[in-house]
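J.: following is a predicted model, sequence given first.
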Amino acid sequence: MMGSPYRASAGCPPVDLRDPGGGDSVHRVSTCAAPATPDPAVTVVRRARVPGRDGAVDIVLAGGRIRSVGGVVPDGLPGIDAGDRLVVGGLVDAHLHLDKALTADRCSWSGGTVEDAMAETAAMKADFTVDDVATRAGAVLASCVAHGTTRIRTHVELDPTVGRRGLEGVLRAAADWAWAVDVEICVFAQDGLTGSPDTARLLDEALGEARAAGRRTVVGGAPYADDDPAGQLDRVFGLAADHDADVDLHLDLFDGTAEGALIGTLCALTERAGLGGRVTAGHGTAWSFLEPDRRAAVLDRCAGTGVGVVALPSTDLFLTGRRTGAGAPRGVVVLDRLVERDAAAAVATNNVRNAFTPYGAGSLVRMANLYANLTHQASPEQLAACLDLVGPRAARVLGAPARTTGVVAGAPADLVCLDAPDPGTAVASLAPVRWVLKGGVRTVTGGSAQLHPTV
């Protein structure tokens, strides 16, 4: 076990993070600790394999951003050696749930459908405390950071049952881990909105507070769980207008059917509100049950109206295919059409070990690999596109301009070194993290398994 580079604080027990690819490497990190002695800023990354470039190059950093990629670099500058390995921009988890993560041990596992997961979670939320949420969220952030994630959008439920406890716990964990990962919050209604004035009030208050504090405002919902799905969309867009907020919805999470899908309504509302580029739809399992030409038309509409799409393979594979018997579907929307059109799209974690997904360790490389497997991505170019869906393209879903994402001059110096020579191999082999920089400062040093032959 590698010694922790972090200082644990009271109430923040260390956790062991095992390589999700099945390796023997284990890292122990605190669940909410800042570096005991921060590393000095890195000036140059040497011998880096960068997507889109031939051979190894040097990357010059300054002021927390990338100054140049390639070219001649003077000797003697302080830096870090990539060792002819792949270096990519910090990984981006565009859809995560920190507030209800790591609650699988509280579940009865009597079902496994969307409805069962919602009922299990609704029951346990009454017992959530701020400390409980902060500890669990901190543990997941530790795991995400160790696996190369430097930016996250987390959805946080607000309703009369949980009140503000989930939000306050996540805010505390996000502040504790701000040195290593940027966390933005989407407040949303999981269990209905149109019939709950208290939920509407909680969302309105939270958005107002976020805006007053200078934080980005994002509001969401789950129309499929509302008695009036279209009415919930109207309410969410109304809140967005009131608070100049982005919109991020759990949309069309159906098993075995596309009947009742609201993606067309969402696109129309986006056009009417002038929010192209600021609206996201997660899940979209219903679209996976459409014929290819109809599914292509849906994704073309999303690209044309500026609606980003996030596939959530681990959750959607677990929750769907339970009602069809033989020939169970995969339930994961294929994003190829959006990639072809160079539109905003992402693959994300969604849940980590809870009623919706009893698996996960915050590894986006694993998620890219799972998505590739499920959607038949095989060529080096296709696999590289899968890594892009948890990197620069995912950052675009969260509003980052294309010119400022990835390993390019002017982009943030958030960099991840993966133990692979190229993006396709990284996805195919579940390449482990060698190190991570956040703003040019090293935040993670990974390890590798040591073999001890007997002969």
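T.: Noted; the coordinates are in hand.
J.: in the stretch 351-455 of the chain, which spans are helices?
T.: In the stretch 351-455 of the chain, the helices defined using DSSP state H, counting those that start in this stretch lie at 364-374, 380-388, 392-397, 423-429.
J.: next, the angle helix 380-388 makes with the first one.
T.: Put simply, helix 364-374 runs at 130 degrees to helix 380-388, going by axes from the mean of the first three to the mean of the last three Cα atoms, to 10 degrees.
J.: what helices or strands is helix 364-374 leaning on?
T.: For helix 364-374, the elements it packs on are strand 91-96, helix 313-319, strand 345-347, helix 380-388, helix 423-429, judged by 3 or more Cβ pairs under 8 Å, 6 or more residues apart in numbering; DSSP states H and E. The C-beta positions use only the backbone N, C-alpha and C, and glycine is treated the same way.
J.: pull the distance from it to the chain's centre.
T.: Helix 364-374 has its C-alpha centroid displaced from the chain centroid by 13 Å (Cα atoms, centre = their mean, to the nearest Å).
J.: only the buried residues of stretch 414-424, if you could.
T.: Going by neighbour count (16 or more other Cβ atoms under 10 Å), the buried part of stretch 414-424 is 414, 415, 416, 417, 418, 419, 420, 422, 423, 424.
J.: now that stretch - C-alpha only, PDB.
T.: Extracted as PDB, the C-alpha positions of stretch 414-424 are listed here (Å, rounded to 0.1, in the frame of the first residue of the first chain):
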ATOM      1  CA  ASP A 414      -5.200  20.100 -15.400                       C
ATOM      2  CA  LEU A 415      -3.300  17.100 -16.700                       C
ATOM      3  CA  VAL A 416      -3.500  13.300 -16.200                       C
ATOM      4  CA  CYS A 417      -0.700  10.900 -17.100                       C
ATOM      5  CA  LEU A 418      -2.100   7.400 -18.000                       C
ATOM      6  CA  ASP A 419       0.100   4.300 -18.300                       C
ATOM      7  CA  ALA A 420      -0.600   3.900 -22.000                       C
ATOM      8  CA  PRO A 421       1.000   5.100 -25.300                       C
ATOM      9  CA  ASP A 422      -2.200   6.500 -26.800                       C
ATOM     10  CA  PRO A 423      -5.900   7.100 -26.000                       C
ATOM     11  CA  GLY A 424      -7.300   3.900 -27.700                       C
END
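J.: how far does it sit from the chain's center?
T.: Offset of stretch 414-424 from its chain centre (Cα atoms, centre = their mean): 18 Å.
J.: what do you get for stretch 300-316?
T.: Taking Cα atoms, centre = their mean, one finds stretch 300-316 lying 14 Å from the centre of the chain it belongs to.
J.: the helices in the protein, which residues?
T.: 114-125, 130-146, 165-176, 197-212, 229-243, 263-273, 292-305, 313-319, 336-340, 364-374, 380-388, 392-397, 423-429 (DSSP state H).
J.: deepest in the core, which of these is it.
T.: Across the helices of the chain, averaging neighbours per residue (mean count of other Cβ atoms under 10 Å) puts helix 392-397 on top, at a mean of 26.
J.: quickly list the domain ranges of the protein.
T.: 38-89+406-445, 91-401 (automatic domain parsing).
J.: could you redo the ones you listed as CSV and give each row distance to residue 452?
T.: Output for the domains of the chain, formatted as CSV (distance: least, Cβ to Cβ, whole Å):
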stretch, distance to residue 452
domain 38-89+406-445, 19
domain 91-401, 24
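J.: would a markdown table of the ones you listed with mean pLDDT be doable?
T.: As requested, the domains of the chain are exported to a markdown table (pLDDT from 0 to 100):
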| stretch | mean pLDDT |
| --- | --- |
| domain 38-89+406-445 | 93 |
| domain 91-401 | 94 |
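J.: closest to residue 451 out of those?
T.: Proximity to residue 451 (Cβ to Cβ) singles out domain 38-89+406-445 among those, at 14.9 Å.
J.: distance from the chain centre to the closest one, please.
T.: Mean C-alpha position of domain 38-89+406-445 versus that of the full chain (Cα atoms, centre = their mean) differs by 21 Å.
J.: stretch 349-357 too?
T.: Centroid separation for stretch 349-357 versus its chain: 12 Å, with Cα atoms, centre = their mean.
J.: pull the CA atoms of that stretch into CSV?
T.: These are the backbone C-alpha positions of stretch 349-357, laid out as CSV (Å, rounded to 0.1, in the frame of the first residue of the first chain):
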residue,chain,number,x,y,z
THR,A,349,-20.5,7.9,-13.8
ASN,A,350,-23.9,8.8,-12.4
ASN,A,351,-24.0,6.7,-9.3
VAL,A,352,-21.4,5.0,-7.1
ARG,A,353,-22.6,2.1,-5.1
ASN,A,354,-26.2,2.9,-4.3
ALA,A,355,-29.7,1.7,-5.2
PHE,A,356,-29.4,2.8,-8.8
THR,A,357,-25.9,1.3,-9.4
